[in-house]
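Colleague: no sequence for this one, just the structure:
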Ligand SMILES: Cc1ncc(COP(=O)(O)O)c(C=O)c1O
């Protein structure tokens with residue numbers, strides 16, 4: 001599809017230069033339409049045919065190379081990570097390995113004293129975490145290694161396959177927060193041997209808040225007892241074949257839905273499913289190629305301006321996020337917002353995160369206004 005036609009699916013382009021998909025994304029028209037339809041249906045009929053689907057599970061499964069049975073609906077990434085943290089067992093002296101570039105929710109679940117596990121932070125050097133340092137940190141006492149596929153401040157992309165190899169060599173499980181990669185960078189949980197992966201849909205997946213998915217590797221599911229249980233956690237036949245709930249025993253689902261508890265925010269998942277469908281239609285490889293083109297263009301412009309990049313430039317570590325240093329980043333971002341350019345202030349810099357429908361002309365506008373600000 002021509003860029004001009006792609007942009008027609010994104011009403012935001014009429015109002016803003018939106019370069020902030022690492023924060024919360026504007027809804028594409030088909031996504032907003034599906035959600036509107038659902039709301040109208042509920043208002044007029046008290047039901048909607050849109051909820052008869054699996055609420056995007058099979059679509060998310062396709063996106064990450066998993067089976068639909070390996071996907072649970074959760075509220076957000078933080079809940080997905082908490083489930084992963086709380087289904088594992090931590091013998092005395094055990095540890096979890098993570099990095100010092102992580103978003104709080106990747107680390108906090110293991111800092112709860114009740115888990116009794118030590119958190120080991122692999123230190124980044126110049127915004128990068130080396131495999132050698134991860135290798136040194138992971139040992140036989142390691143129960144889990146937890147990282148973001150793409151780190152939220154500077155966009156550093158971790159090598160999932162290499163890290164999972166290190167984790168598994170020591171019998172540890174590998175847990176991935178994919179919220180900064182899902183929708184923009186191809187993911188294959190089987191190729192990379194990931195045990196848990198979770199992502200909400202309101203960033204690069206272009207969906208609304210309130211919908212997230214958790215992948216749990218098939219052969220782990222039945223070994224794990226969910227931290228919370230409710231009607232959604234049990235085998236479906238429990239209520240399909242009997243006239244009342246079997247409340248005398250707990251027969252947990254053999255699929256990842258054992259990690260679900262109760263009624264999800266259906267309207268959010270209707271939007272999420274539509275958004276993932278849209279992205280899969282364009283193809284994640286195509287989206288990645290286009291986004292890397294745009295971020296590459298931005299990197300060159302930032303360097304030409306003489307500003308310092310905070311994003312690693314090696315191709316294998318690049319992503320949809322570019323961060324460059326600036327004085328008074330908060331005020332700079334406010335200045336840009338007053339000029340209808342939406343980005344974020346992070347770590348003494350400006351974080352820019354374009355998606356595949358953005359243009360070089362929009363990057364030029366950002367650069368122009370940044371120049372005006374630094375004058
Ligand atoms: C890496 C990372 N993980 C998690 C989150 C938050 O996830 P959620 O709000 O879905 O719990 C963010 C939000 O910025 C993030 O960047």
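Modeller: Thanks, I have it. These figures come from a predicted structure and were not determined experimentally.
Colleague: what's near enough to touch residue 332?
Modeller: Counting by Cβ atoms under 8 Å, 6 or more residues apart in numbering, residue 332 touches 326, 345, 350, 370, 373. (Glycine included, C-beta is placed from N, CA and C.)
Colleague: min pLDDT across these, which one?
Modeller: Lowest pLDDT among the contacts of residue 332: residue 373, with 92.
Colleague: that's a helix at residue 154, yeah?
Modeller: No - counting by DSSP: H, G, I helix; E, B strand; the rest coil, residue 154 is not found in a helix; it is coil.
Colleague: could you check the pLDDT of it?
Modeller: For residue 154, pLDDT reads 97.
Colleague: okay, now it: neighbour count?
Modeller: 25 (other Cβ atoms under 10 Å).
Colleague: just residue 1 next, same as before
Modeller: Using other Cβ under 10 Å, residue 1 has 11 other residues around it.
Colleague: would you confirm that it contacts residue 282?
Modeller: Yes - at 7.5 Å, residue 1 and residue 282 qualify as touching, with contact defined as Cβ atoms under 8 Å.
Colleague: JSON lines for the contacts of residue 332, including secondary structure and distance to the ligand?
Modeller: Shown next, in JSON lines, are the contacts of residue 332 (DSSP: H, G, I helix; E, B strand; the rest coil; distance: Cβ to the nearest ligand atom, whole Å):
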{"residue": "326", "secondary structure": "coil", "distance to the ligand": "20"}
{"residue": "345", "secondary structure": "strand", "distance to the ligand": "13"}
{"residue": "350", "secondary structure": "strand", "distance to the ligand": "16"}
{"residue": "370", "secondary structure": "helix", "distance to the ligand": "23"}
{"residue": "373", "secondary structure": "helix", "distance to the ligand": "24"}
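Colleague: can you tell me which of the residues you listed is nearest residue 85?
Modeller: The shortest approach to residue 85 among these belongs to residue 345, at 29.4 Å (Cβ to Cβ).
Colleague: who are the contact partners of residue 13?
Modeller: 7, 357.
Colleague: scratch that, residue 202 is what I was asking about
Modeller: Counted by Cβ under 8 Å, 6+ apart, residue 202 has contacts 24-25, 208-211.
Colleague: and the gap between it and the ligand?
Modeller: Distance, residue 202 to the ligand, using Cβ to the nearest ligand atom, to the nearest Å: 7 Å.
Colleague: turn the contacts of residue 332 into CSV, columns for neighbour count.
Modeller: Formatted as CSV, these follow (neighbours: other Cβ atoms under 10 Å):
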residue, neighbour count
326, 21
345, 18
350, 27
370, 23
373, 18
